[in-house]
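# based on what follows, work out the 3D shape:
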Amino acid sequence: MVDARSSHSYPVAAPNHPLARAGRNPPGAGRDYIQLVLADRSGLSDGKDRGVIGLQTWRLADLGSKHMLLREGIGWGYMPEPFVHEDIDRGRLVRLDIPEYKDGFLRLHAIYRTDTPPGPAASWLIARFETQAKILAKFSDEHAALVTLQAGAKKSGAMKQPKGRKQFQAAP
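This is a model prediction of the structure:
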């Protein structure tokens, strides 16, 4: 087994979505709005919903469609940080503060039998995932450091929050 990649997922919505405008949401608030959920078409997780709290769900086959709908203000949902960090920074999406949110750390593993190791294409793909994970980890660390510096500058008054942009408060 190879740990090919890992990422955090966060609940997000467009800034004009009611869950984003509410700031800190009461327990169960996510149930009242359409939740966009990535569908598992393999059938391996039939009947098992993870992170689904919405009573109205739209199941989508790919993250690109989900991302586009979220940016258009149609529903809310969990998205991997690398997909949405630029949108959050630019105010196109907002991290939601909902009590049901738990640490959304996702891990991808490449698993194969030792008596039948991966062929050239699968070996290349595994190596590619590992390389991207290392680059992403470095980028995430640099991004976190920048956010910390910006927060310090805001506290000291050296940096003003742009008008119309919501302030995010991290979930516990």
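
# shaky segments in this structure?
1-7, 41-51, 101-109, 135-172 (pLDDT under 70).

# again, 90 this time
Applying pLDDT under 90 to the chain picks out residues 1-10, 23-31, 37-63, 78, 80-83, 85, 97-114, 116-118, 122-172.

# D32 and I111, how far apart?
Note on D32: its distance to I111, by Cβ to Cβ, to the nearest Å, is 39 Å. The C-beta positions use only the backbone N, C-alpha and C, and glycine is treated the same way.

# neighbour count for the two, which is higher?
Higher neighbour count among D32 and I111: D32, with 13 against 7, using other Cβ atoms under 10 Å.

# can you give me phi and psi for the residue nearest to that one when sequence neighbours are not counted?
Sequence neighbours aside, L55 is the residue nearest to D32 in space, at 7.5 Å (criterion: Cβ to Cβ, 6 or more residues apart in numbering). Dihedral angles of L55 (phi, psi; degrees, to the nearest 10) stand at phi -80, psi -20.

# can you pull out the strands in this protein?
2-13, 35-38, 57-60, 77-80, 94-95, 105-110 (DSSP state E).

# give the contact list for H17.
Residues near H17 by Cβ atoms under 8 Å, 6 or more residues apart in numbering: Y33, G73, G75, W76, V94.

# filter the residues you listed down to the buried ones, PyMOL style.
Buried members of the contacts of H17, defined by 16 or more other Cβ atoms under 10 Å, are picked up in PyMOL with:
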select buried, resi 33+75+76+94
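
# tell me which of the contacts of H17 is nearest to R21?
Closest to R21 out of the contacts of H17 is V94 (8.8 Å), distances taken as Cβ to Cβ.
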